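Visitor: Please find the sequence and the predicted model below.
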Amino acid sequence: MAVLRHKMQWMPLLMALPATLAYTLAYTARSATSDCVFKLSKAQCRAFRSQTPFYKDSRGFTTSNAFEEATLYIGGIGNFDVSDRYLTHGCQWYVDPTHPENNRYLYNSENADRPNFANERDTVNEECTSPDLWCYPTYSHRVCGGNGPPPPSFPMPLPNLGP
């Protein structure tokens, strides 16, 4: 409990950080069901995405290379800001194995009221109810803020060199 409390004390500070600093602490979760202690805002997610144009996950799936890089701020298939009931809420690494050109970092505004909703590969859930649906082979891994900035280090007191 003390470890969680220690992490939680830094949450207001992390949320107050400008996007350009907060994304440097970010990482992609290891699984679709991994939760984040620190969630990235849309601005922090966009900053993280713009600094991570290429990514390869543990299954070997990657961003869609030059196409992804070219569409970072343009609409179309590489959209960053989506509203999709089949996807996890917030900042995420999204993979569609049947259409790898869609693989990308994105921010989903849907499912904010369902923090435990996960888009798991080859798994049915309350939205993706059949293996025949397009969503069945897809998966999403949340992008999380780091464990927070380290506690401030105070300079060691100078030794008393006087008499």
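Guide: The structure has been received and is ready for your questions. Numbers count the residues shown, from 1 in each chain.
Visitor: so how many other residues sit close to the closest residue to Arg59 other than its chain neighbours?
Guide: With CB to CB, 6 or more residues apart in numbering as the criterion, Arg59 has its nearest non-adjacent residue at 7.6 Å, and that residue is Val95. No exception for glycine: its C-beta is placed from N, CA and C like everyone else's. Around Val95 there are 24 other residues, counting by other CB atoms under 10 Å.
Visitor: Distance check, Val95 against Ser41.
Guide: For Val95, the distance to Ser41 equals 23 Å [CB to CB, to the nearest Å].
Visitor: Ser34 now?
Guide: Using CB to CB, which is the criterion applied here, Ser34 is 19 Å from Ser41.
Visitor: From Asn108, how far off is the residue nearest to Arg59?
Guide: From Val95 across to Asn108, the span is 14 Å (CB to CB).
Visitor: what touches both of these two?
Guide: Shared contacts of Val95 and Asn108, defined by CB atoms under 8 Å, 6 or more residues apart in numbering, comprise Ser140.
Visitor: For this structure, which helix extends over the most residues?
Guide: Determined from DSSP state H, the single longest helix within the chain is helix 42-51.
Visitor: average pLDDT for the helix or strand hosting Trp93?
Guide: For Trp93, the host element (DSSP states H and E) is strand 90-95. The pLDDT scores in strand 90-95 average 95.
Visitor: report the angle between the axes of it and helix 42-51?
Guide: 30 degrees (axes from the mean of the first three to the mean of the last three CA atoms, to 10 degrees).
Visitor: Check what contacts strand 90-95 and list those residues.
Guide: 26, 28, 36, 39-40, 42, 44-45, 48, 55, 57, 59, 61, 87, 102-108, 112, 119, 121, 138-143.
Visitor: Drop anything exposed from those.
Guide: Buried subset of the contacts of strand 90-95 (neighbour count, 16 or more other CB atoms under 10 Å): 26, 28, 36, 39-40, 44-45, 48, 55, 61, 87, 102-108, 119, 138-143.
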